[in-house]
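Asker: Test case, fold it:
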Amino acid sequence: MMLVTLLRTAWVSGIMPILLACIPLPKLGAFHDLLLGFAKRGKIMHSSSRKFTVPQRFFIHFYILAVIWTSILLATTWHYAYRITPAVSEPSLYSSIASHLTGSSNVFPLHKSDPSSREQKYRVWQSVFLLLLMEAHVLRRLLETIYVFKYSPSSRMHIFGYLTGLFFYTAAPLSLCCKYASEVFKFVADLVVEFVIKGKDRMQVPEFDWWGHVNPLLHLRWYMWIGGAIFLWGWIHQYRCHAILGSLRENEQDDDYSIPHGDWFQYVSSPHYLAEIVIYAGVVIASGCSDVTIWLLFGFVVANLAFAASETHKWYLQKFDNYPRNRSAIVPFVY
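Answerer: Residues are numbered from 1 along each chain as shown. A predicted model of the protein is given here:
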């Protein structure tokens, strides 16, 4: 519970300054400009503003960290989920279909287990599913950073934004499994102790059961698959929008920019941010919409990206006289 409290406090602490900066009061103007200075990067940061900045290509650090950290959490949580769920007889086809349609907690037909224990084991497998989504997201972002984006040598970002990114990609995957992180840590620690005491030669190495590791994921509740579908929708569109942004710099010099077109760029100035929001909305739905920590993670994503998208939209309007006036900043026809 201490970890859960710390994560929720951190997300609230990140959301509140952004909401405060968005209040249209003259007395908060200086605070708004300060926070905006921290958030600026790339094209919307003046080339002369190099104090307390790092190259924007350091974005790759976020995704290297995210892939390694998410992979560790996924592997340990997945193995823990498998070890705490004993082998069971396979349910019939009809009972499986009924479980999918009704969202019954009996999708894991554990013999002689009370409902609370059965529900806990289901929630651990739910965390595995959420971490799988996160792994797919950050792995693609890492590959895009290497092969798609071509950062200008002069592109910078504020050191505060850099540190915020490192925090986010540490805390976000952890938020998806924080309720069971202490149990997983104890489980891994016990394995390490056993290895140290017995030694490699005396350790019992069971045959890896691929089906046992995958089968419980096939019995997840309906809302998790809906959340996964929404995640995939945003995932695909973000890839397309990033490909469009990356192609704009193929034949351009340092700080030359052009107006992006195609996909969701027809509706908003920052469709890759909109897609990110859709991705995390899918995660919220896949979590069952009942985890406060994941809701706060989603709130931080929305607040942070909406704040950045507003400034990007203003930059486009000032930069290009022929910029499409029907485009919104991040939410089509709304904002």
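Asker: Check which residues of the helix or strand Trp225 falls within are buried.
Answerer: Assigned by DSSP states H and E, Trp225 falls within helix 222-247. For helix 222-247, a neighbour-count test (16 or more other C-beta atoms under 10 Å) marks 224, 227-228, 230-231, 234-235, 237-242, 244-245 as buried. From N, CA and C alone the C-beta is placed, and that goes for glycine too.
Asker: How about stretch 125-142?
Answerer: For stretch 125-142, using 16+ other C-beta under 10 Å, the buried residues are 125-138, 140-142.
Asker: now, among the buried residues of helix 222-247, which is nearest to Cys289?
Answerer: Gly227 (8.9 Å; C-beta to C-beta).
Asker: close enough to count as contact, that closest one and Asp291?
Answerer: No: assessed by C-beta atoms under 8 Å, Gly227 is found out of contact with Asp291, at 11.9 Å.
Asker: Scan the protein for its longest helix.
Answerer: helix 115-147 (DSSP state H).
Asker: which ones are touching Glu183?
Answerer: Listed by C-beta atoms under 8 Å, 6 or more residues apart in numbering, the contact set of Glu183 reads Tyr80.
Asker: OK, contacts around Leu274?
Answerer: Counting by C-beta under 8 Å, 6+ apart, Leu274 touches Trp264, Val268, Ala309, Ile330, Val331, Pro332.
Asker: again but with Ala66, I slipped
Answerer: Ala66 touches Met134, Val138, Arg141, Leu142, Tyr169, Ala172, Pro173, counting by C-beta under 8 Å, 6+ apart.
Asker: And Arg83, by the same measure?
Answerer: Neighbour list for Arg83: Phe187 [criterion: C-beta under 8 Å, 6+ apart].
Asker: Tell me the buried residues in the helix or strand that it is a member of?
Answerer: Secondary structure from DSSP H and E places Arg83 in helix 59-84. By 16+ other C-beta under 10 Å, the buried positions in helix 59-84 come out as 59-60, 62-63, 65-67, 69-71, 73-74, 76-82.
Asker: quick check, nearest of the contacts of Ala66 to Leu25?
Answerer: Distances from Leu25 to the contacts of Ala66, taken by C-beta to C-beta, are shortest for Ala172, at 31.1 Å.
Asker: do you know how far the closest one is from Thr53?
Answerer: Look at Ala172 and Thr53: by C-beta to C-beta, to the nearest Å, they are 24 Å apart.
Asker: So which of these two has more stuff around it?
Answerer: Neighbour tally, Ala172 and Thr53, criterion other C-beta atoms under 10 Å: the higher count belongs to Ala172, 23 against 19.
Asker: And the more buried one, how far from Leu220?
Answerer: The value you get for Ala172 to Leu220, if C-beta to C-beta is used, is 21 Å.
Asker: so how far is the helix or strand that the longest helix of the chain is followed by off the chain centroid?
Answerer: Toward the C-terminus, helix 115-147 is succeeded by strand 156-158 as the next helix or strand (DSSP H and E). When C-alpha coordinates are averaged (C-alpha atoms, centre = their mean, to the nearest Å), strand 156-158 and its chain have centres 22 Å apart.
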